[in-house]
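> below are the sequence and a predicted model for it; my questions follow.
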Amino acid sequence: RKEVEQDPGPFNVPEGATVAFNCTYSNSASQSFFWYRQDCRKEPKLLMSVYSSGNEDGRFTAQLNRASQYISLLIRDSKLSDSATYLCVVRYGGSQGNLIFGKGTKLSVKP
Amino acid sequence: DVKVTQSSRYLVKRTGEKVFLECVQDMDHENMFWYRQDPGLGLRLIYFSYDVKMKEKGDIPEGYSVSREKKERFSLILESASTNQTSMYLCASRTGGKAEAFFGQGTRLTVV
């Protein structure tokens, strides 16, 4: 069974804090990994892809550990606008493969 | 700007009604998907399509069917709506070579 597991949160942090989300996936044949962001009552949108060597986009850093089947997202210097649900997403089965979504981790950044 | 459009944001239907949810994308994407999203359960795949007139079952196809007569349009059909199909329905599309999926704004369906 293909599963993606995340801590549901909520994570309540003050502005400026650093927060980390973790995700594990069950199928070692997984090929691609992503973090999506979903604002309240909105559709999910791609935040960033996750590469084997780790990658950074501004305040966001994503890491992948294939051996442990583990993905992480680090947000530095949290902003109020970072408040959202963060979805860990895994693709199986090649370029036509489906995306499997975790249930999401809710982040609330407080003033 | 890429666009996936779902025909309705909110819909209220009666038990037993046949319900059509329409999704149109303007990006010439091969792949289209229907998900439902429920609190505590996340996004679950109902059906997907890799090409016109092709369809594949996802994880929870029971009670649903789909139609893809044109590349840009993917319809989800609830043959006989039931209260346990009350949910947020999200359509998505992506091209085969890339992973980013683009979602419609969602249809919140209530079956009474």
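Yep, it's here. This structure is a prediction, so every number in the text was calculated from the model and none was measured.
> and the strands in the chain, which stretches?
Because you didn't say which chain, this covers chain A. Along chain A, the stretches classed as strands by DSSP state E are A:4-6, A:11-14, A:19-25, A:32-38, A:44-50, A:55-57, A:60-65, A:70-75, A:84-91, A:99-101, A:105-110.
> that's the wrong chain, I meant chain B
B:4-6, B:10-13, B:19-25, B:31-38, B:42-49, B:56-57, B:64-70, B:73-78, B:87-94, B:102-103, B:107-111.
> quick check: angle from the fourth one to strand B:64-70?
Using axes from the mean of the first three to the mean of the last three Cα atoms, to 10 degrees, one finds that strand B:31-38 and strand B:64-70 are set 150 degrees apart in direction.
> please name the bridge partners of A:Y70.
Per DSSP bridges, the residues bridged to A:Y70 are A:T24, A:N65.
> ok so, going back, could I get the strands of chain B as JSON lines with distance to chain A, mean pLDDT and mean neighbour count?
In this view, the C-beta of every residue, glycine as well, is placed from N, C-alpha and C. As requested, those are exported to JSON lines (distance: least, Cβ to the nearest Cβ, whole Å; pLDDT from 0 to 100; neighbours: other Cβ atoms under 10 Å in any protein chain shown):
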{"stretch": "strand B:4-6", "distance to chain A": "8", "mean pLDDT": "96", "mean neighbour count": "19"}
{"stretch": "strand B:10-13", "distance to chain A": "11", "mean pLDDT": "97", "mean neighbour count": "13"}
{"stretch": "strand B:19-25", "distance to chain A": "12", "mean pLDDT": "97", "mean neighbour count": "20"}
{"stretch": "strand B:31-38", "distance to chain A": "7", "mean pLDDT": "95", "mean neighbour count": "23"}
{"stretch": "strand B:42-49", "distance to chain A": "3", "mean pLDDT": "94", "mean neighbour count": "22"}
{"stretch": "strand B:56-57", "distance to chain A": "9", "mean pLDDT": "94", "mean neighbour count": "14"}
{"stretch": "strand B:64-70", "distance to chain A": "15", "mean pLDDT": "97", "mean neighbour count": "16"}
{"stretch": "strand B:73-78", "distance to chain A": "15", "mean pLDDT": "98", "mean neighbour count": "20"}
{"stretch": "strand B:87-94", "distance to chain A": "6", "mean pLDDT": "96", "mean neighbour count": "24"}
{"stretch": "strand B:102-103", "distance to chain A": "4", "mean pLDDT": "94", "mean neighbour count": "21"}
{"stretch": "strand B:107-111", "distance to chain A": "9", "mean pLDDT": "98", "mean neighbour count": "18"}
